[in-house]
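Visitor: Build the 3D model from these lines:
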Amino acid sequence: MKIMLQQQVLLLLGFALITGIMGCGKAHTRKLLLHKTWHVINVTPPENGSFDIEATRAAEEMKNGFYKNASFTFLDNGLFFTDFNGKTDTGRYEINPGGKIISLYPLHGNKIYEQIRIRELNDSILSFTTVMANFDMMLHLKAY
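Guide: Alright, predicted model coming up:
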């Protein structure tokens with residue numbers, strides 16, 4: 001009985017530790033991400049070890065087209081704003097507990113329409129992978 005109680009306590013402490021570590025990742029991501037305007041500076045295919053000319057061309061087209069003059073702003077209340085060449089859109093976001101994935105939702109709805117996977121985040125640089133129109137890409141942003 002005593003051994004079973006010790007195992008349960010260890011399991012509970014382990015769960016609390018994991019939850020605490022994951023929560024720290026989310027808090028760190030929020031601290032670096034919020035209240036900045038992140039401008040798209042480059043679009044590239046994800047690094048998969050091989051060069052793909054079609055993916056490179058598609059990324060270049062996205063950079064010079066859809067993402068030209070694009071920016072993102074994330075606010076405290078779970079809202080984000082995007083600007084694509086002067087056209088503003090609003091939605092909701094949720095940072096996962098580990099802080100590495102951000103789910104994007106329409107303003108009035110609960111269905112995820114995009115998930116971004118953070119590759120790099122510091123005070124002024126944000127890089128993430130996402131899929132848009134069946135194209136897997138990496139966006140590189142800079143906070144100004």
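Visitor: For this protein, which segments count as strands?
Guide: Secondary structure of the chain (DSSP state E): strands at 37-44, 70-74, 79-84, 87-95, 101-106, 114-121, 125-132, 135-143.
Visitor: Next, format the ones you listed as TSV and append mean pLDDT.
Guide: Listed next are those as TSV, based on pLDDT from 0 to 100:
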stretch	mean pLDDT
strand 37-44	96
strand 70-74	97
strand 79-84	94
strand 87-95	95
strand 101-106	95
strand 114-121	94
strand 125-132	90
strand 135-143	92
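Visitor: Ok, which of those comes nearest residue 62?
Guide: Comparing the strands of the chain by their distance to residue 62 (Cβ to Cβ), the top pick is strand 37-44, with 4.6 Å. Placement of C-beta: from N, CA and C, glycine included.
Visitor: circling back: nearest to residue 31, of the strands of the chain?
Guide: So among these, strand 114-121 is nearest, using Cβ to Cβ, at 9.9 Å.
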